[in-house]
Each structure stands twice: as structure tokens, then as C-alpha cells.
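Participant: Pasting the sequence and the predicted coordinates here, then a few questions.
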Amino acid sequence: MKKIYTLASFILVSAISFAQVSDASFPEPTDISTKILKSKKIYSSSAAKSAPFWSEDFSGGIPATWINGSTPTLPVISAPWVYRGPNTTPNNTVGGQGAYSGINNSPPTNKPIESLTAANGFMLFDSDYYDNGGTAGDFGLGAYPCNSPTGGAPTGHVGTLTTDSIDCSIYPDISIIFHSFYRRYTGIAKLAFSLDGGLTFTDTIDVHPGMEVNESTENDYQVMLRMPLNIAGNTNVKMQFIYDGTILYSTFNGYYFWMIDDIELIETPAHLLSSGSETFGGWWIGYQSTDDIGSDFTFYPKNQADAQPYRFEGVLSNQGVNTQENSILHVNVMDDLGASQDFTSNPIPVSSGVNDTVATATNFTPAQTGEYNFSYWATSDSFPTTDTTLMRTIVTDTVYAVDLDWNSDGTNTGGGYYLGRPCGGNVFGNVFDIYAVDTVTSISFHVHESSAVGNDVKVQLYDIDDPSAIDPISLKESDDYTLQASDLDKWVTLKLLDPYPVTAGIAYLAAVKGSISLQDTTMISGSGNENSSSWYQNNCVATTATSTHVPGDWYSIGADGFSIRMNFGVPPTPSGINNIKQSQFNLYPNPTNGIFVIELDKNLKYEVTVIDILGKTVYTSSINDMNTTIDLSGLEKGVYTVELKDENSKYTEKLIVE
């Protein structure tokens with residue numbers, strides 16, 4: 001099987017990862033698409049934070065002794081940080097900047113940083129404003145253009161904010177903690193240090209390493225960084241917060257923003273263990289032994305889970321001074337009936353400043369369909385427990401997905417990605433590893449609420465594992481479908497023209513293809529799952545002279561792809577039951593919020609019975625239409641059995657109501 005990523009790219013991806021072709025420019029950013037990194041608490045309830053020996057919360061504005069700006073080498077331009085406080089409004093500051101970003105107030109930039117003292121003021125570097133003058137889409141034409149005045153090579157801008165001198169002479173080991181609300185395009189958030197009063201700055205640290213294009217932190221995100229050891233013991237230390245928008249990679253330099261607040265310097269604690277980057281798909285270690293992608297499949301068909309159980313992994317980090325002996329990752333699994341199981345990793349020592357990836361000693365095979373909740377935490381001999389991280393999955397009969405829309409109602413879908421554009425119809429798809437043979441019969445996708453109606457789309461199934469092919473190989477597709485007003489912010493399911501049997505050990509792409517959209521607003525919602533893999537085919541012409549892109553080229557966008565689901569055929573019924581053929585019957589969506597469709601290929605009469613987990617009949621009816629919508633939204637959440645029968649045949653299928 002072809003691998004899409006190396007281990008290093010899982011850990012250190014900092015931009016879009018191109019799978020098949022090398023392009024000299026990034027795809028243009030949208031003001032909607034983004035992945036949001038989860039809020040991060042530096043200290044758990046069991047860890048006492050030492051008192052800061054230096055702090056700044058910007059309650060009085062920018063300190064008079066700080067330096068806002070620098071003198072970079074031309075044609076790079078210096079741009080200032082901006083203070084936001086109780087006496088400022090979005091349009092009364094330098095250049096009339098927008099309300100926290102120049103990208104038309106799109107999520108997540110229509111809100112300020114959520115620090116403890118945000119109401120007293122915070123600092124903002126609005127790269128989008130400096131690139132487009134506050135006008136969405138006019139990149140490079142703003143008050144601080146990233147293109148040189150003479151039309152030469154891209155130059156970009158730098159924003160530096162330098163503290164006054166800080167006395168660190170009595171502390172042997174120092175860490176910095178601050179709130180950091182950051183959204184990335186190509187600019188980088190950095191922190192540098194000076195030991196000579198600001199004459200030279202060295203030991204530059206990337207504050208948010210591994211973030212990809214269009215990713216964002218939550219607005220209450222905290223950062224803790226252990227400062228270089230040579231800082232300790234010095235009396236004249238200065239720090240410099242740097243937004244570096246000078247990457248000479250394309251005509252797009254910088255973009256988006258960085259907000260900071262509540263900065264504290266503390267003596268690094270002796271014991272501070274944390275856990276993070278949790279996964280249940282083998283994202284870090286498991287994929288190496290099974291040769292799969294290692295995605296967190298949030299909707300996981302039972303036959304696939306039987307063939308490839310859940311693999312619990314995470315990253316243990318020692319941010320303290322002392323080695324954490326016998327560090328263990330703990331995972332508790334609880335099903336929707338309250339039964340639970342516990343899993344642990346083998347104990348290991350984690351040295352100071354080290355991140356270690358660990359996996360539980362055994363994997364988890366679910367006994368039945370339904371919802372499962374995973375709780376992750378870590379311990380060591382010197383650290384009683386970290387905070388608990390909660391994750392979730394649903395084991396299904398037929399639905400295979402990576403999105404987080406648990407109720408299939410659009411509530412937890414992400415921002416939109418442009419599927420249909422004036423220059424052509426693109427193709428978006430998610431990667432699904434097949435561990436047990438099955439048959440793909442349809443593909444579902446969530447239509448972003450900002451989409452325009454009247455444009456045609458179709459679903460497609462691709463093989464991405466053929467070693468003889470450079471690009472994904474198209475296998476099956478559906479008829480064209482015209483988006484209706486009723487489809488906005490809804491899931492749409494399209495049947496393949498012919499069911500396609502998929503092979504164990506192969507990865508497939510479940511995709512949606514758009515058509516030319518003059519309104520440029522045919523969109524597919526994002527998945528919100530950072531442990532997943534997605535591809536897209538760009539059918540537009542290159543937008544820059546230096547680009548090597550050719551219409552039809554395929555790219556891997558790495559994690560956090562699309563709200564696109566793969567649906568399998570009806571599983572075999574138990575011995576002795578005459579099954580209604582899949583060509584005659586389909587039930588979707590599943591899981592559901594209680595409203596689902598029974599689809600027949602012919603107008604035949606069947607009796608429908610819905611039975612709860614205790615064997616009680618909760619619904620009966622007769623149907624003979626080819627499409628019948630049944631509303632059970634009044635039922636309690638749980639697993640139900642849907643029985644469909646006539647005089648000669650009967651079919652039963654599990655239905656999950658959320």
C-alpha cells in the first residue's frame with residue numbers, strides 16, 4: 001500500500017503537503033476554511049503553578065519602555081502591533097484595521113482573545129490587514145503590501161514587539177506562559193531572546209510549530225515554552241514577539257493574525273507532565289505496522305472495527321525539570337449503556353523537555369454498534385494525574401466517516417471549502433482504509449450553508465493505492481445532482497451508478513466533484529478532525545506565473561478535510577432470514593437524529609417495525625413509496641432495530657438515534 005505521509009510529516013507538517021506534484025504557490029486561502037486547535041490548559045487541577053516573577057497583562061496599553069517595530073532589510077517592511085483595550089474600537093487604530101482581522105470578520109476571527117484579562121487590553125498583529133488594507137481578497141494591495149513597490153519579488157512584512165529588560169539572575173530554569181490566539185497562512189509566530197539589552201536576538205523559538213495553512217488555535221489557547229537555558233542567571237534579558245511574514249515561497253506572505261495577552265515568566269517546576277495529541281486510529285505509531293493512514297474514523301463500521309480495532313495513542317510531554325519516571329497513558333472506554341474498560345501504556349521514563357509518543361499495550365474491539373466515549377489522561381511516579389481529554393466515536397453498520405457531526409444535522413461541521421469555482425469544478429475526497437471486504441453503494445456530503453443553489457455535483461469513488469498510477473484512479477460515480485435550496489446546511493446522499501466491492505488492505509477516496517460556479521460559492525463543509533487525510537483535485541488554471549500547477553493535478557491537504565462519508569451496502573442477515581436485496585432497499589442516514597429515509601427501488605408494500613433495545617415495539621407502519629421519511633425524533637437516544645418485511649422476505653438493521 002502506498003504511504004501518503006512519513007512519520008515526520010505527521011508530527012511536523014507546517015503547510016499544505018502536496019502529494020503528487022510540486023507547486024511553487026499555495027492554494028489561495030479562503031476566509032472560511034480553518035481547523036481550530038483545541039483549547040489547552042497548561043496546569044491540571046493537581047499541579048500547582050509557581051508564582052510569576054515577571055508579568056504583563058497590557059492593562060495600561062503598550063508599556064512605554066517596550067519597542068513596537070523594527071528595521072528589517074528592505075524591501076521587507078516593518079509593521080506595528082496594535083493595542084486593543086477598553087478604550088479602543090476596531091476602526092480607531094492604525095490604518096483603520098478591521099475588527100481583529102481584515103478577512104471580513106469570518107470565523108474564528110470575529111472574536112477577540114479570551115484571556116483572563118482580555119477586557120483590560122491585549123496585543124494584536126493583523127497580518128491580513130497589512131496584506132490587503134482591510135479589503136477581503138485584495139491580497140498584496142494594502143497599506144503594507146507584501147509585493148515590492150517596483151513590482152519585484154514578494155517581500156512581506158515583519159511585526160516585532162520587544163519587552164524592556166528583565167532580571168532573570170536568581171532563577172536556574174525559566175518558562176514562559178501566555179495566551180496566544182493565532183491563525184496561520186504562511187506567516188510564523190516566533191519568540192526570540194536577547195542577553196545584551198536588545199542589540200542582538202538569538203535562540204528563536206517557533207511558538208506554534210506544526211500548524212498548517214488555515215489552522216487556528218481556540219481563542220483561549222495557552223502556550224508554555226521552556227526558555228533557553230542560557231537565559232537563566234542573566235540580569236538583562238529582553239524578549240521579542242515576532243510575526244514573520246517574509247517567507248519567499250509565493251506571492252502570498254503572511255496573512256491572518258496573532259493576539260497575545262497575560263504573559264508570565266515562572267521558575268520551571270520540578271514536575272510537570274502533560275498529555276496531548278490523543279488519537280484512536282494509530283496516527284502516531286499504529287500506522288507503521290498496519291500500513292494504513294491511521295485516521296480517527298469517528299463513524300466506524302462494525303466489520304471494519306472487528307478487522308482493525310481502535311488503537312489508543314498520545315504524546316506525553318515533560319515540561320518540568322526532573323525526569324518523570326513510570327509515565328503512563330491511561331484510556332477508559334465507556335459505551336452508551338455505561339459499561340467500561342480500561343487500557344494503559346507500558347510505563348516509560350520521560351526526560352525533561354522531551355515529548356514521547358506512546359500507545360496502550362492492547363487495542364479495543366467494540367462488542368456492538370453504538371456510541372463509545374474515550375477518556376485519556378497520564379500519570380507518573382511524581383505527577384498524580386494530568387487533565388482528562390475526552391474523545392468520541394460511533395460504531396455503525398454501514399456509515400464510514402471522519403467528521404464530528406454526531407447528530408448528522410450539521411451542528412459540528414467545519415467551515416466551507418470551494419468545490420465549484422468560476423475557473424472549474426474541483427474534486428474533494430476523504431481517505432478511507434478498508435480492513436474488511438465490503439461494498440460501497442453511496443457517498444454522503446454536507447453542503448455548506450453559504451453554497452449557491454442550482455449547481456451540479458456528483459459523487460465519485462477512487463482507488464488511491466494503485467502503485468502503477470500517479471494520480472487517484474476513478475472507479476465509480478453517481479449521476480449529476482443539482483443542489484436545491486433545501487440542501488443548504490444539510491447532508492446529501494447520492495448513490496453510485498453501480499455498487500462497488502472494496503478490497504481489504506486498500507485505501508479508497510470517497511469524493512465529491514463540483515461544476516463551474518460563477519458565483520464561486522459551491523462549498524463542502526470541513527470535517528474538524530485533525531487526525532484524518534484528504535485530497536483534492538484542482539481543475540483551475542495556475543494563478544501565478546511561477547506556479548507549476550496544471551489543471552487536473554491532485555494534492556494531499558493532510559489533516560482536517562471534508563464532511564464526506566462512505567456508505568457500505570446492507571450487511572448479511574442472520575441464517576434463516578430471507579434478505580431483501582440491497583438493490584431494493586436503503587436506509588439513511590444512520591446514525592440519525594430520529595428522522596431517516598427508507599428508500600426502495602420499486603413501489604412495493606412492506607410492513608415497517610421499529611424495536612428498542614429491550615425488545616419493545618415503538619413504531620409500526622406500512623410503506624409502498626420509493627422514498628419514505630420516518631420521524632422518530634421523539635424517541636430517546638439509543639440503538640433500535642428497524643424491521644422491514646412482506647409475505648416472502650424480511651430485513652433487520654440497527655438504527656442509532658442520537
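Facilitator: Good, I have the coordinates.

Participant: use CA for all of it now, contacts and neighbours both
Facilitator: Fine.

Participant: can you pull out the helices in the stretch 301-450 of the chain?
Facilitator: Secondary structure of the stretch 301-450 of the chain by DSSP state H, counting those that start in this stretch: the helices cover 302-307.

Participant: ugh, wrong one, I meant the stretch 101-250 of the chain
Facilitator: Going by DSSP H, counting those that start in this stretch, the stretch 101-250 of the chain shows helices at 127-132.

Participant: just the strands in it please.
Facilitator: 122-126, 157-162, 174-184, 188-194, 202-206, 215-217, 222-226, 238-245 (DSSP state E, counting those that start in this stretch).

Participant: which one of these has the lowest average pLDDT?
Facilitator: Across these, strand 215-217 has the smallest mean pLDDT, namely a mean of 80.

Participant: which residues sit in contact with the closest residue to residue 308 other than its chain neighbours?
Facilitator: Nearest non-adjacent residue to residue 308, counting by Cα to Cα, 6 or more residues apart in numbering: residue 435, 6.3 Å away. Applying Cα atoms under 8 Å, 6 or more residues apart in numbering to residue 435 gives the contacts 304, 307-308, 503-506.

Participant: quick one: the strands in the stretch 401-550 of the chain?
Facilitator: In the stretch 401-550 of the chain, the strands defined using DSSP E, counting those that start in this stretch lie at 416-421, 424-425, 427-434, 438-446, 456-463, 473-477, 481-482, 491-502, 506-513, 522-525, 534-538.

Participant: out of the ones you listed, nearest to residue 293?
Facilitator: Relative to residue 293, the nearest member of these by Cα to Cα is strand 427-434, separated by 7.0 Å.

Participant: next one: the closest one to chain centre, how far?
Facilitator: 15 Å (Cα atoms, centre = their mean, to the nearest Å).

Participant: Tell me who's in contact with residue 329.
Facilitator: So residue 329 contacts 275, 314, 316, 344-345, 358-360, 376-379 (Cα under 8 Å, 6+ apart).

Participant: List the ones among those residues that fall in strands.
Facilitator: 275, 314, 316, 344, 358-359, 376-379 (DSSP state E).

Participant: just to revisit the earlier point, comparing the strands of the stretch 401-550 of the chain, which comes out most buried?
Facilitator: Of all the strands of the stretch 401-550 of the chain, strand 522-525 has the most neighbours on average by mean count of other Cα atoms under 10 Å, namely a mean of 28.

Participant: Thought residue 297 was touching residue 283, still the case?
Facilitator: No: when contacts are counted by Cα atoms under 8 Å, residue 283 is not listed as touching residue 297 (10.9 Å).

Participant: So which bits of stretch 198-213 are buried?
Facilitator: 198, 201, 204-205, 207-208, 211-213 (16 or more other Cα atoms under 10 Å).

Participant: Repeat that for stretch 588-601.
Facilitator: Within stretch 588-601, the residues scored as buried using 16+ other Cα under 10 Å are 588-600.

Participant: so which of the contacts of residue 435 comes closest to residue 383?
Facilitator: residue 308 (33.3 Å).

Participant: For that closest one, grab the count of nearby residues.
Facilitator: 18 (other Cα atoms under 10 Å).

Participant: again with residue 129
Facilitator: 30.

Participant: And the pLDDT for it?
Facilitator: Here the pLDDT value assigned to residue 129 is 71.

Participant: wait, what's in contact with residue 356?
Facilitator: So residue 356 contacts 315-317, 350 (Cα under 8 Å, 6+ apart).

Participant: Same check on residue 163?
Facilitator: Residue 163 neighbours (Cα under 8 Å, 6+ apart): 65-67, 238-240.

Participant: circling back: would you list the buried entries among the contacts of residue 356?
Facilitator: Buried, going by 16+ other Cα under 10 Å: 315-317, 350, out of the contacts of residue 356.

Participant: Looking at those residues, which one is closest to residue 551?
Facilitator: Proximity of these to residue 551 (Cα to Cα) peaks at residue 315, which lies at 39.5 Å.

Participant: hey, what's the closest one bridged with?
Facilitator: Beta bridges link residue 315 to residue 276, residue 357, judged by DSSP bridges.

Participant: per-residue confidence at it?
Facilitator: As predicted, residue 315 sits at a pLDDT of 92.

Participant: So for residue 11, what's the pLDDT?
Facilitator: You'll see residue 11 listed with a pLDDT of 26.

Participant: Which members of the buried residues of stretch 588-601 are the farthest-apart pair?
Facilitator: Counting by Cα to Cα, the most remote pair of the buried residues of stretch 588-601 is 593 and 600, 21.2 Å apart.

Participant: which one is residue 493 nearest to, not counting chain neighbours?
Facilitator: Excluding the flanking residues, the one nearest residue 493 by Cα to Cα, 6+ apart is residue 444, at 4.1 Å.

Participant: Surely the one you found touches residue 566?
Facilitator: Yes: the criterion here is Cα under 8 Å, and residue 444 meets it with residue 566 at 6.6 Å.

Participant: Identify the residues contacting stretch 409-420?
Facilitator: 30, 32-35, 403-406, 425-428, 446, 448, 450, 489-491, 513-517, 520-528, 562-563, 593.

Participant: average pLDDT across it?
Facilitator: Mean predicted confidence for stretch 409-420 is 82.

Participant: tell me how far the ends of that stretch are from each other?
Facilitator: 23 Å (Cα to Cα, to the nearest Å).

Participant: Tell me how far that stretch lies from the chain's centre.
Facilitator: Centroid separation between stretch 409-420 and its chain, computed with Cα atoms, centre = their mean, is 12 Å.

Participant: And stretch 392-401, by the same measure?
Facilitator: Relative to its chain's centre, stretch 392-401 lies at 18 Å (Cα atoms, centre = their mean).

Participant: residues making contact with that stretch?
Facilitator: In contact with stretch 392-401 (Cα under 8 Å, 6+ apart) are residues 297-303, 305, 366, 368-374, 432, 563-571, 590-591, 653-654, 656.

Participant: Let's see it as CSV, backbone CA atoms only.
Facilitator: Presented in CSV, the C-alpha positions along stretch 392-401 are these (Å, rounded to 0.1, in the frame of the first residue of the first chain):
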residue,chain,number,x,y,z
ARG,A,392,-15.9,10.1,20.9
THR,A,393,-16.7,7.5,18.2
ILE,A,394,-19.8,5.7,16.9
VAL,A,395,-19.7,2.2,15.7
THR,A,396,-22.1,1.8,12.8
ASP,A,397,-23.5,-0.8,10.5
THR,A,398,-22.8,1.0,7.2
VAL,A,399,-21.5,4.6,7.7
TYR,A,400,-17.8,5.3,7.4
ALA,A,401,-16.7,8.9,8.3
